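Undergrad: Test case, fold it:
(2 chains)
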Amino acid sequence: NAGVTQTPKFQVLKTGQSMTLQCAQDMNHEYMSWYRQDPGMGLRLIHYSVGAGITDQGEVPNGYNVSRSTTEDFPLRLLSAAPSQTSVYFCASSRITGFEQYFGPGTRLTVT
Amino acid sequence: AQSVTQLDSQVPVFEEAPVELRCNYSSSVSVYLFWYVQYPNQGLQLLLKYLSGSTLVESINGFEAEFNKSQTSFHLRKPSVHISDTAEYFCAVTITGTASKLTFGTGTRLQVTL
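TA: Next comes the predicted model:
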């Protein structure tokens, strides 16, 4: 199993550009989520999904969109990038009734 | 809503010394508690968890944490640290029955030196 994979590893965007961060898991997990990690702030939940076709907002959803058309994939879209979205983004997955979240290696995004 | 406080942003310690990383939580309902570890340039890995039962939980690499309901704490301890324990440690909480929606603390960076 590859576990949770994320692409790209690094990305630089200009203000106003859009892009999609990819996340995939091969563990047949129902639950998937996106976090952003900023210095001194820990991880904050952006969006999550409890299954294909079902998504919901987390703590910091503004400026981001998600969709879940398959169990495996959970892409995160930045609609119009802003410098405040400079961060490290982590995708995670778990079973609905499981208690361990499996994290991807992260995407380091810089918005100039 | 629940919250997690990790008061120590950095903890420097010498190799083979004991260490305690503090975690306090706030919630009006029952919770599950977790410690995750993040090694440099990697994602997070589950270190240990408290769901129910014995309040003392242990990891395979010598860490332990004790759930203290009266003090709303879940401190992480290790009696003798190794250089390889250098990492950032995150305490996390979720409400029982919603096991997947975690709230994280701000993290504690453990720096082990010779």
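
Undergrad: give me every residue that touches the residue of chain B found nearest chain A.
TA: Across chain B, no residue is closer to chain A than B:G43, which sits at 3.5 Å (Cβ to the nearest Cβ). To be clear about C-beta, it is placed using only N, CA and C from the backbone, and glycine gets the same treatment. B:G43 makes contacts with A:V4, A:F90, A:A92, A:F103, A:G104, A:P105, A:G106, as judged by Cβ atoms under 8 Å, 6 or more residues apart in numbering or on different chains.

Undergrad: Keep those, but drop any that are not near chain B.
TA: Contacts with chain B within the contacts of B:G43, as defined by Cβ under 8 Å from any Cβ of the partner chain: A:V4, A:F90, A:A92, A:F103, A:G104, A:P105, A:G106.

Undergrad: Contacts only, for the residue nearest to A:P8 when sequence neighbours are not counted.
TA: Spatially, and ignoring its direct neighbours in sequence, A:P8 is nearest to A:T107 (6.1 Å; Cβ to Cβ, 6 or more residues apart in numbering or on different chains). Residues near A:T107 by Cβ under 8 Å, 6+ apart: A:Q6, A:T7, A:P8, A:K9, A:F10, A:Q11, A:L21, A:V88, A:Y89, A:F90.

Undergrad: Report the buried members of the residues you listed.
TA: Those of those that meet the buried threshold are A:Q6, A:Q11, A:L21, A:V88, A:Y89, A:F90, by 16 or more other Cβ atoms under 10 Å in any protein chain shown.

Undergrad: Reformat those into TSV and put distance to A:A81, pLDDT and secondary structure next to each item.
TA: TSV is the format used below for these (distance: Cβ to Cβ, whole Å; pLDDT from 0 to 100; DSSP: H, G, I helix; E, B strand; the rest coil):
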residue	distance to A:A81	pLDDT	secondary structure
A:Q6	17	97	strand
A:Q11	9	96	strand
A:L21	11	98	strand
A:V88	15	96	strand
A:Y89	12	97	strand
A:F90	18	96	strand
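
Undergrad: Among those residues, which one lies nearest to B:H75?
TA: A:F90 (24.8 Å; Cβ to Cβ).

Undergrad: Can you name the residues that contact the residue nearest to A:T7 when sequence neighbours are not counted?
TA: The spatial neighbour of A:T7 that comes closest, neighbours along the chain excluded (Cβ to Cβ, 6+ apart), is A:Q22 at 4.6 Å. Taking Cβ under 8 Å, 6+ apart, we find A:Q22 in contact with A:T5, A:Q6, A:T7, A:P8, A:D73, A:P75.

Undergrad: Pretty sure the last one sits against A:T7.
TA: No - applying Cβ atoms under 8 Å, one finds A:P75 not in contact with A:T7, separated by 10.0 Å.

Undergrad: residues shared between the contacts of those two?
TA: With Cβ under 8 Å, 6+ apart as the test, A:P75 and A:T7 both reach A:L21, A:Q22.

Undergrad: quick revisit: which strand or helix spans the residue nearest to A:T7?
TA: Per DSSP states H and E, A:Q22 falls inside strand A:19-25.
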